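> Sequence plus the predicted model coming up.
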Amino acid sequence: MFDFITAFMAGGGLLAVFLLMVLENVFPPIPSELIVPLAGFEAAQGSFPLWALVVVATLGSVAGSSIWYALGLWLGERRFLALVDRHGLWLTLDRAEAEAATAWFRRHGPVAVLLGRLVPTVRTLISVPAGIAGMPLVPFLLYSTAGSLLWVGLLAVAGWLLGENYKAVEAWLNPVTTLVVLLIVALYLWRLLRALRRRRGA
């Protein structure tokens, strides 16, 4: 992954940063924790201004997240509930829980999107419930941009300051990302086992 990112950015400049950030939000295994610090290092070498990097990377991040938002919007609450009715066991949701989750997101969606953009893996996932809950486009873009700007800004400045040691950013964040993924998987498995036990006991 590192070789792919460095090779792609070698001659692509800010356009490569934008495209990689779009892909990072569509395909989470491509890590912004490496893309942006590397670009921050390049900015420190004079390849492009740091402010331009932050703007372009933020736009790419928001563009990528908007794809998942559009998917959630297309799915909508009606299709989502129908999906839960058919595959609720594997989604670890029943209709009441799905309706409650959608109602919660309608009340707290802006804060969820803003904070979610700062958490690895959740950064991608948070856009789907925003679309399902019918969060208006403008607030979604505003809060998603604010969260992405903060995340990208921190990574870019870290890469700028660390220079050739920019990979230390990924090395430090990688355990955090792994922990978040493990917690998400563990929560899913726990809910799935609980649902299976309920079904057997019914």
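Structure received. All values derive from a computational prediction rather than experimental measurement. Numbering: from 1, shown residues only.
> mean confidence for the longest helix along the chain?
Counting residues, the longest helix found in the chain (DSSP state H) is helix 50-91. Averaging pLDDT along helix 50-91 gives 90.
> what packs against the following helix or strand past it?
Scanning forward in sequence from helix 50-91 by DSSP states H and E, the next helix or strand is helix 95-116. Here helix 95-116 touches helix 50-91, helix 122-125, helix 127-132, helix 137-162, going by 3 or more CB pairs under 8 Å, 6 or more residues apart in numbering; DSSP states H and E. Backbone N, C-alpha and C define where each C-beta goes, glycine included.
> Just want the angle from helix 95-116 to helix 50-91.
For helix 95-116 against helix 50-91, the angle by axes from the mean of the first three to the mean of the last three CA atoms, to 10 degrees is 160 degrees.
> before we move on, back to that, any idea how far the longest helix of the chain is from the middle of the chain?
Chain-centre distance of helix 50-91: 9 Å, with CA atoms, centre = their mean, to the nearest Å.
> Give me the helices and strands touching it, please.
Helix 50-91 is packed against helix 13-26, helix 32-44, helix 95-116, helix 122-125, helix 127-132, helix 137-162, helix 167-201, with contacts defined by 3+ CB pairs under 8 Å, 6+ apart.
> Tell me which of the helices and strands packed on helix 95-116 approaches Glu33 most closely.
Smallest distance to Glu33 across those (CB to CB): 6.7 Å, for helix 137-162.
> What residues sit buried inside the closest one?
Within helix 137-162, the residues that qualify as buried by neighbour count (16 or more other CB atoms under 10 Å) are 140-141, 143-149, 151-160, 162.
> Quick one: mean pLDDT over it.
On average, helix 137-162 scores 93.
> ok now it, how far from the chain's centre?
Centre-to-centre, helix 137-162 and its host chain are 12 Å apart (CA atoms, centre = their mean).
> now that helix against helix 32-44, angle please.
Using the same axes, to 10 degrees: helix 137-162 against helix 32-44 is 60 degrees.
> Checking Ser47 next. Helix, strand or coil?
Following DSSP: H, G, I helix; E, B strand; the rest coil, the label given to Ser47 is coil.
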